[in-house]
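> this one's sequence-less:
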């Protein structure tokens, strides 16, 4: 019982920042015209700085930490798509879908969870040692989204060069750059006297990178809250509830349970177990709506699943974190 309030408080802080973003949108302080430029700034500058600083300065990372987390991340998304397709095969008519556009949106939103803006600040508060592992884990999630995920949305007709081009983005490049820097430092590539001369400058540069990177998560959460309010206004809630109900059950109940079983019995380290616990508790990714629209699938299905699971996650995230920490012993 003593663990409930600290966990709940940390989750409420994250949703509170999103609420501030929603309030800013409601008061017209943050207009929809600014969303695109601020999101580009966050994705292309703020988050890469955050990733670079964390990975360069975290001395706990070893070689295996660079290999297994992305594989597991890729696998969790694949698991979500598989569960979504399987349930459609069994219950498609019961759910009431009348076209492939609805089915593809459903499967994609079930498989893709919010892997950055919600879990990252919670990890920083609850599992600080797992933050770097989470970032490496998300490389696999990103690759799965732009390859298998796009195949889900296009029926397998995606252009692989186009998908690979999207994978090579600023956050991934910042991770690669951080690993290169770590390798140079650890291999003592530079002479000692050169390293000593550069140390003060490098220290100040890293501080600057940290200051910029620290803005990434708050900005992302504020934007998420503003966009979520916009989506609430757009969603047609008269359009059948069955797709949302089934998707919410899969995303917030079935898949978390499966992922916790994997975390319990898989031969992985404690920090990766913690990352699996965090990601298992997440709702559908808000970016799913963007991709569903981009590839011409049913945006109303995506809207309801994303908005609905995000609102429910305010209650389910603390429950899964409490249950998961006890069952996994982390």
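Sure, I can see it. Being a predicted model, the structure only gives us computed values, none of them experimental.
> so for this protein, the centremost residue is which one?
residue 115 (1.1 Å; CA atoms, centre = their mean).
> surely it is in a strand?
No - assignment of residue 115 by DSSP: H, G, I helix; E, B strand; the rest coil gives coil, placing it outside any strand.
> you'd agree it is up against residue 284?
No - Residue 115 is beyond contact range of residue 284, at 10.7 Å (criterion: CB atoms under 8 Å). Glycine gets a C-beta too; all of them are placed from N, C-alpha and C.
> quickly list what's touching both of the two.
The contact sets of residue 115 and residue 284 do not overlap (CB atoms under 8 Å, 6 or more residues apart in numbering).
> contacting residues around residue 11?
Residue 11 touches 122, 314, 317, 318, 321, counting by CB under 8 Å, 6+ apart.
> need those residues in TSV (columns: distance to residue 138 and secondary structure).
Output for the contacts of residue 11, formatted as TSV (distance: CB to CB, whole Å; DSSP: H, G, I helix; E, B strand; the rest coil):
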residue	distance to residue 138	secondary structure
122	14	helix
314	22	helix
317	18	helix
318	22	helix
321	19	helix
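> now the strand or helix carrying residue 92: how far from the chain's centre is it?
Assigned by DSSP states H and E, residue 92 belongs to helix 68-95. Relative to its chain's centre, helix 68-95 lies at 16 Å (CA atoms, centre = their mean, to the nearest Å).
> name the next helix or strand downstream of that helix, please.
helix 100-111.
> that following helix vs helix 68-95, what angle?
Relative orientation of helix 100-111 versus helix 68-95 (axes from the mean of the first three to the mean of the last three CA atoms, to 10 degrees): 140 degrees.
> list the contacts of helix 100-111.
Contacts for helix 100-111 (CB under 8 Å, 6+ apart): 77-81, 83-85, 87-88, 92, 95, 97, 149, 152-153, 155, 243, 246-247, 250-251, 255, 284-285, 288, 291-292, 295-299, 301-302, 305-306.
> can you say which of the residues you listed are buried?
With neighbours counted using 16 or more other CB atoms under 10 Å, the contacts of helix 100-111 contain these buried positions: 77-81, 83-85, 87-88, 95, 97, 149, 152-153, 243, 246-247, 250-251, 255, 284-285, 288, 291-292, 295, 297-299, 301-302, 305-306.
> pLDDT weak spots in the stretch 1-150 of the chain?
Counting by pLDDT under 70, the low-confidence segments of the stretch 1-150 of the chain come to 1-3, 62-64.
> let's go with 50 and repeat that
Within the stretch 1-150 of the chain, the stretches falling below the threshold (pLDDT under 50) are 1.
> do the stretch 201-330 of the chain as well
In the stretch 201-330 of the chain, no residues with pLDDT under 50.
> quick one: the helices in it, in order.
Using DSSP state H, counting those that start in this stretch, the helices assigned to the stretch 201-330 of the chain run over residues 216-234, 242-249, 255-265, 270-280, 287-294, 299-328.
> winner for burial among the ones you listed?
Highest mean neighbour count of the helices of the stretch 201-330 of the chain: helix 270-280, a mean of 24 (counted as mean count of other CB atoms under 10 Å).
> mind listing what's buried along the helix or strand containing residue 7?
Counting by DSSP H and E, the element that carries residue 7 is helix 4-26. Of all the residues in helix 4-26, those buried under the rule 16+ other CB under 10 Å are 7-8, 10-11, 14-15, 17-22, 24-25.
> ok, back up a step: can I get the helices of the stretch 201-330 of the chain in CSV with distance to residue 39?
CSV is the format used below for the helices of the stretch 201-330 of the chain (distance: least, CB to CB, whole Å):
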stretch, distance to residue 39
helix 216-234, 6
helix 242-249, 24
helix 255-265, 27
helix 270-280, 22
helix 287-294, 9
helix 299-328, 16
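> which one of those helices lies closest to residue 31?
Distance to residue 31, taken as CB to CB, is lowest for helix 216-234 among the helices of the stretch 201-330 of the chain, at 8.9 Å.
> helices or strands up against the closest one?
Packed against helix 216-234 by the contact rule (3 or more CB pairs under 8 Å, 6 or more residues apart in numbering; DSSP states H and E) you find helix 4-26, helix 32-41, helix 47-57, helix 119-126, helix 299-328.
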